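Enquirer: Quick one: sequence and predicted model below, then my questions.
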Amino acid sequence: TSFFSSAPRIPKDAIFALTAQYKSDTSPVKVNLGQGAYRDNAALPWILPSVAEARERISNHKLDHEYLPILGLPEFRQAACKLAIGPTKFGSVASRIASCQSLSGTGGLHLAGSLIKACSSLKPQVWIPEPTWSNHHLVFSSLGFECRSFQYYDFERKRIDMNAYKKMLQNAEPHSIVILHACAHNPTGCDPTKDQWQEIGRIMKERQLFPLLDAAYLGFNSGSIDDDAYAIRYFINDLGMEASVSMSFAKNMGLYGERVGCTFVVTQNAEIAENTESVMERLQRSEVSNPPAYGAKIASMILNDAKLTEMWYADLITMCSRIREMRHALYNLLVENGAPGDWTHVTSQSGMFSFLGLPRDIVIKLKEQYHIYMAENSRISLAGLNTSNVAYVAKAISECIR
Ligand code: PMP
């Protein structure tokens, strides 16, 4: 008998399955608004000029293929933490940080969860916003955490449901973990304002809840690292809380497939940090042994060289500006086409996504009749729009819902 005879049949991940469907569609008008990967105005993947320059320098340097240390490239980890904490406060926090290079954002969240499991006897519950990125529940439930959902989005008013949010924070068991999208909430594109972050942070501190920040879009949301790191810095620098941050360089450097990430926790003192880092190293050894080198070398070169950092900031602006233009174009064209309803949420949301609020049958109709692919919950990746297809998409949506 097979060792695997009781393997269940798990359905494919919805968003990756959608990409496969899109790829096999032969229609010349097809549009992929599913997966969140940046595309240029010609619908092609974009290699950031800062990344191209870093690649050039690395290959000139005789790139080798040696192992990285278990914790990853030291200068990359240091620069990534500094980027998140901010240059002015980094010096006063650095000794309390435990950090480890991770397999992009996903591996980083998994590492953060494993670390808490390994270090805490409390068996905390994990609170996850609803809706959220489709992988959050999977990552934390696969680690054995009890995952609970709280209502994050008011679907009717198309904004954050602060009452439900605060109610959860007031009632969660002390020492629970709260998953926070540091910026560019996926899928809603709806982030707390600074005032709302302060409210959330103060309650969390008072109630001893642990912020686990998912930072997959730093700089990619607004074009400014400082603006996008507001929540991270508020929790760590202003409130002085212990927190965990899982950074991904997939989107903001376009290094999707290279799996470049850094997860760090800020602890109460240097001794705890050192111990914690030793646990991270042990966890990493058993699961990854050595993280991938190439992407980390690229990211490190960009973050540690003033000229390349400037180039990267300009690249962030390029990507954000194009996405923002598509947001406004889509809105204007929906209105011009007389699409029934209020579409102001399309322009008030931010980040790479727009959460359209279409019913599922319309989403299916758009795919089957118009070859327009989007997530079932009607989240669209604005990066899939460009000056050649946005009018078609707006017209199709308007026709479908009329
Ligand atoms: N968190 C969120 C909210 C995301 O949207 C993503 C990317 N889709 C990730 C984490 C992690 O992505 P990656 O593992 O590719 O860095």
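Expert: Looks like it came in fine.

Enquirer: Quick check: mean pLDDT of the lengthiest helix in the chain?
Expert: Secondary structure of the chain per DSSP state H: the longest helix is helix 306-336. Computed over helix 306-336, the mean pLDDT rounds to 98.

Enquirer: Quick check: next helix or strand after that helix?
Expert: Using DSSP states H and E, the helix or strand that follows helix 306-336 towards the C-terminus is helix 344-348.

Enquirer: Distance from the chain centre to that next one, please.
Expert: 20 Å (Cα atoms, centre = their mean, to the nearest Å).

Enquirer: Quick one: mean pLDDT over that helix.
Expert: For helix 344-348, the per-residue pLDDT averages 96.

Enquirer: ok, and what's touching it?
Expert: Here helix 344-348 makes contact (Cβ atoms under 8 Å, 6 or more residues apart in numbering) with Lys158, Cys190, Arg327, His328, Leu330, Tyr331, Leu334, Ser354, Phe355, Leu356, Gly357. Every residue, glycine included, has its C-beta placed from N, CA and C.

Enquirer: Tell me the helices and strands packed up against the helix or strand just after that helix.
Expert: Later in the chain than helix 344-348, the nearest helix or strand by DSSP H and E is strand 353-355. Secondary-structure packing of strand 353-355 (3 or more Cβ pairs under 8 Å, 6 or more residues apart in numbering; DSSP states H and E): helix 344-348, strand 379-381.

Enquirer: Can you say which of the ones you listed is nearest to the ligand?
Expert: strand 379-381 (9.8 Å; Cβ to the nearest ligand atom).

Enquirer: how about the residues of the stretch 101-250 of the chain near the ligand?
Expert: Ser104, Gly105, Thr106, Trp133, His181, Asn186, Asp214, Ala216, Ser248, Ala250 (Cβ under 6 Å from any ligand atom).

Enquirer: go again using 5 Å as the cut-off
Expert: Ser104, Gly105, Thr106, Trp133, Asn186, Asp214, Ala216, Ser248, Ala250 (Cβ under 5 Å from any ligand atom).

Enquirer: Can I get these in a markdown table including pLDDT and secondary structure?
Expert: Shown next, in a markdown table, are these (pLDDT from 0 to 100; DSSP: H, G, I helix; E, B strand; the rest coil):
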| residue | pLDDT | secondary structure |
| --- | --- | --- |
| Ser104 | 98 | helix |
| Gly105 | 98 | helix |
| Thr106 | 98 | helix |
| Trp133 | 95 | coil |
| Asn186 | 96 | coil |
| Asp214 | 98 | strand |
| Ala216 | 98 | coil |
| Ser248 | 98 | strand |
| Ala250 | 98 | coil |
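
Enquirer: Most neighbours out of the contacts of helix 344-348, which is it?
Expert: Highest neighbour count within the contacts of helix 344-348, by other Cβ atoms under 10 Å: Ser354, with 29 neighbours.

Enquirer: residues contacting the closest residue to Ile200 other than its chain neighbours?
Expert: Sequence neighbours aside, Pro192 is the residue nearest to Ile200 in space, at 6.1 Å (criterion: Cβ to Cβ, 6 or more residues apart in numbering). Shown in contact with Pro192 (Cβ under 8 Å, 6+ apart): Ile160, Met162, Ile200, Ala231.

Enquirer: Selection in ChimeraX covering whichever of those residues are buried, please.
Expert: Applying 16 or more other Cβ atoms under 10 Å to the contacts of Pro192, the buried members can be selected in ChimeraX as follows:
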select :160,200,231
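
Enquirer: Specify which member of the contacts of Pro192 is nearest to Ser388.
Expert: Among these, Ile160 lies closest to Ser388 (Cβ to Cβ), at 34.1 Å.

Enquirer: ok, the closest one touching Gly189?
Expert: No - using Cβ atoms under 8 Å, Ile160 is not in contact with Gly189, being 11.1 Å away.

Enquirer: For the contacts of helix 344-348, give me JSON lines that also has distance to Ile10.
Expert: Below are these laid out as JSON lines (distance: Cβ to Cβ, whole Å):
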{"residue": "Lys158", "distance to Ile10": "33"}
{"residue": "Cys190", "distance to Ile10": "31"}
{"residue": "Arg327", "distance to Ile10": "35"}
{"residue": "His328", "distance to Ile10": "40"}
{"residue": "Leu330", "distance to Ile10": "35"}
{"residue": "Tyr331", "distance to Ile10": "38"}
{"residue": "Leu334", "distance to Ile10": "37"}
{"residue": "Ser354", "distance to Ile10": "29"}
{"residue": "Phe355", "distance to Ile10": "26"}
{"residue": "Leu356", "distance to Ile10": "28"}
{"residue": "Gly357", "distance to Ile10": "29"}
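
Enquirer: Doesn't Asp226 lie inside a helix?
Expert: Yes - Asp226 forms part of a helix when assessed by DSSP: H, G, I helix; E, B strand; the rest coil.

Enquirer: Thought Ile85 was touching it, still the case?
Expert: No - contact criterion Cβ under 8 Å: Asp226 and Ile85 do not qualify, at 11.3 Å.

Enquirer: Between the two, point out the one with more neighbours.
Expert: Counted by other Cβ under 10 Å, Asp226 and Ile85 do not tie: Ile85 has more neighbours, with 23 against 12.
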